[in-house]
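K.L.:
Please work out how this folds:
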Amino acid sequence: MPNRTYKPFAFPAESAEDRKAFLALLKEKSYERRKVVLSSGRESDFYIDCKQTTLDARGAVLCGRLFCAMLEDGERPEAVGGITLGADPIVTAVSLTSALRGWPVPAFIIRKEPKTHGTAQWIEGTKNLRPGMRVAILEDVVTTGASTLRAIERAAGSGLVVARVLCIVDRNEGGADAVAGKGYRIEPMFLKEDVENG
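P.N.:
Have a look, this model is predicted:
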């Protein structure tokens, strides 16, 4: 059943231009109307590849500023992280932007598989983390919520406390409800309709 639980973040007036510009970039670079099979195994008639926008210099700047605006509204995390590869440019942009805004937080990256040599760790960036740290998980697109729940599980399994979960786009296909079922709330920057109609 489609998720109707959450609304996109209500940005303050000072972020309105950033939101508009980032949404336009997502529409231009990341949104495609075509038949695809998603990582969840589901078929879809559209695809949102946020990496095309978050790996763009202007897109990274806007992404960092908008996520920081979201994180400033409520509990600020002590670190931000997410599952590779979609979260890599996002958490880097947010970490850099947080430092520029005067509240620097480190980034960490969660592997899809543990390293097969050396430390065999799931998380990169552990020297900047400590047990009990309150963190935010950042995602690009949420569909079923499976990837988000894996990220939460890996972070918690490493001794971190997941305080917030944010994403760029909620496809409104039940992912937010699945995550809510485990006691966490997805905070989307946009819903798929915003990108489709952007």
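
K.L.:
Phi, psi for L166 please.
P.N.:
Per-residue torsions, L166: phi -120, psi 150 (degrees, to the nearest 10).

K.L.:
List the contacts of the residue lying closest to it once chain neighbours are set aside.
P.N.:
Distances taken as Cβ to Cβ, 6 or more residues apart in numbering place E187 nearest to L166, at 4.6 Å, with adjacent residues excluded. Yep, even glycine has a C-beta here, placed from its N, CA and C like the rest. Counting by Cβ atoms under 8 Å, 6 or more residues apart in numbering, E187 touches Y6, F9, M70, R164, V165, L166, C167.

K.L.:
for E187, helix, strand, or coil?
P.N.:
With DSSP: H, G, I helix; E, B strand; the rest coil as the basis, E187 sits in strand.

K.L.:
State the pLDDT value of it.
P.N.:
Note on E187: pLDDT of 97.

K.L.:
residue contacts, E193?
P.N.:
Contacts of E193 by Cβ under 8 Å, 6+ apart are N172.

K.L.:
What helix or strand is it located in?
P.N.:
Per DSSP states H and E, E193 falls inside helix 192-197.

K.L.:
same deal with L62?
P.N.:
Going by DSSP H and E, L62 is part of helix 57-72.
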